[in-house]
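> Dropping a prediction and its sequence here:
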Amino acid sequence: MKRIALVALLVSVLAGIGCDNDLDLVSDWKEIPVVYGFLSRSDTAQYIRVEKAFLDPETSAFVIAQNPDSLYFADAVVELEDLTTGSRVALTRVDGTLEGYPRAPGVFATSPNYLYKIRTDDAKIFTDRDYRLLVSDATGRLITSAQTRVVGDYTFTFSSPPDKITFLYDNSVNIGWRSNENTAHFYDVGMRIHIQETESGGPGPVEKVLEWPIEKNILRGTSKNVNTFVPGVLFYQFMRNNLEVKSNVSRKFLYIEIQVDAGGKEIYDFLSVGKANSGITGAEYVPSFSNIDHGFGLFSSRYTLVGKNFTLSAQSLDSLKQGIYTKDLNF
C-alpha cells in the first residue's frame, strides 16, 4: 500500500518568513530549498518533495509559481543516509502524477510534478535508527539536509477490538495497539465504515465509505501498550449525522477498517506550532516550524497500522437497524 502525505505550501513559507532578517529572498536571487517527506516502513515506496523558493523584485510570486523552472532544482541529487552504518542510497526523480499522486490545482504549476522516490525494500530503513536526507547539486555541493528517527512497526492488541465489535449506548469499545519501538511521539485513530446503498429503481448496489476521525494527537506514554476508548453511542450518532434519510434507499453494513497513525515528534511540533498562535487571542506573528537546514519544510517519520474486516455483533446490527439514532436510515 502506498501513501503519501506531502505539503507544498510555498506561499505560506514566503509569507511566514517575511519578518526574518536572516533570510533575504529578494537579494541576488537566493534559492531557498523547501523539502517535505516522511519515512514510513508501512509504505511500499518513499517519496520526498524537493523544491525551491525565491522572490523576483520585478515579478509577482503568483507568476513565478506557474513556472516549473522556478519550482525545481534542475540537477538535484537526493540521498538517504543511514547514520548507524554510514551507507547512502540515491532517490530517483519521478513525476508524481504518473505515480498516482497528482498535484492539486492552484497557485503552483501542476506539470511536471516532480518527486524523489525509492522503494522501501531498497531504502533499508530500520526501526529506531536515525537517517539523514541530503540534497546536493551535480557538483556535490550540499544544498540542504535534514534528519529524523524512524517510527517502528505496530500491531493491534489481541481482541482490542474483537473481530465482531459491539457498540453499546452505555459502554465503550477498547482499541489497543502496541510496539517495542521508541520513536513514535503521538497517534491518530480513525475508522472507515463501509456500507452498501441500493436506490429503488437505481442501477444497483453502490458501496460507500464513511471516514470517522475518532481521536487525534494521543501522546505516547511510557507503556508499550496504548489504548483509546470509543463510547458506543458515538458510532450511532456518527452514522445519523453522516447519512441522509432517504425513503427510497436501503442500506447494508459491510465492514469497518480501523487505522492508527503513529507520527514522529517533528510532525507533532509542526502541527502544534501552527495552532499555538491561531485564533482571536493568538499572537500577531505565527511562527513556522521547520527542521530543514538552511531551508523550510518537514522531514519526519510515521507508521500506519490498518485493521480490516471488522464486523458488527448481532446486537449492534439490531441497534443500527432499530435504534433511536439510526432507525430512519433503512439498514
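Received the coordinates, thanks.

> use CA for all of it now, contacts and neighbours both
Fine.

> how much space is there between the residue of the chain positioned farthest from its centre and residue 249?
Distance from the centre of the chain peaks at residue 201, with 39.5 Å (C-alpha atoms, centre = their mean). Applying C-alpha to C-alpha, to the nearest Å, the value for residue 201 to residue 249 is 10 Å.

> One more: residue 32?
Residue 32 sits 54 Å away from residue 249, going by C-alpha to C-alpha.

> likewise residue 230?
Residue 230 is 29 Å from residue 249, by C-alpha to C-alpha.

> And the pLDDT at residue 150?
Residue 150 is assigned 97 on the pLDDT scale.

> which residues touch it?
By C-alpha atoms under 8 Å, 6 or more residues apart in numbering, the residues touching residue 150 are 39-40, 125-131, 183, 264, 300-302.

> let's see it at 10 Å
By C-alpha atoms under 10 Å, 6 or more residues apart in numbering, the contact set of residue 150 is 38-41, 125-131, 181-184, 263-264, 300-303.

> just residue 264 next, same as before
Shown in contact with residue 264 (C-alpha under 10 Å, 6+ apart): 38-39, 148-151, 183-187, 299-303.

> go again using 7 Å as the cut-off
Residue 264 makes contact with 151, 183-185, 300-302, according to C-alpha atoms under 7 Å, 6 or more residues apart in numbering.

> now swap in residue 35 and tell me
Each residue near residue 35 by C-alpha under 7 Å, 6+ apart is listed here: 49-51, 296-298.

> Could you do residue 326 as well?
236, 239-240, 320.

> at 8 Å what do you get?
Counting by C-alpha under 8 Å, 6+ apart, residue 326 touches 236-237, 239-240, 319-320.

> ok, and the most crowded of these?
Neighbour tally across the contacts of residue 326 (other C-alpha atoms under 10 Å): the maximum, 25 neighbours, falls on residue 320.

> Just to be sure, it is in a helix?
Yes - the assignment for residue 320 is a helix, going by DSSP: H, G, I helix; E, B strand; the rest coil.

> Distance-wise, check it relative to residue 240.
Using C-alpha to C-alpha, one gets 10 Å for the distance from residue 320 to residue 240.

> likewise residue 190?
As judged by C-alpha to C-alpha, residue 190 and residue 240 stand 17 Å apart.

> what does residue 111 give?
Distance, residue 111 to residue 240, using C-alpha to C-alpha: 41 Å.

> likewise residue 212?
On the measure of C-alpha to C-alpha, residue 212 and residue 240 end up 12 Å apart.

> Now the common contact residues for those two.
Here residue 212 and residue 240 have no joint contacts, going by C-alpha under 8 Å, 6+ apart.

> Would you mind splitting the chain into its domains for me?
Following automatic domain parsing, the chain resolves into domains at 10-150, 155-262+306-329.

> Any chance of those in CSV with distance to residue 291 as columns?
Shown next, in CSV, are the domains of the chain (distance: least, C-alpha to C-alpha, whole Å):
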stretch, distance to residue 291
domain 10-150, 6
domain 155-262+306-329, 16
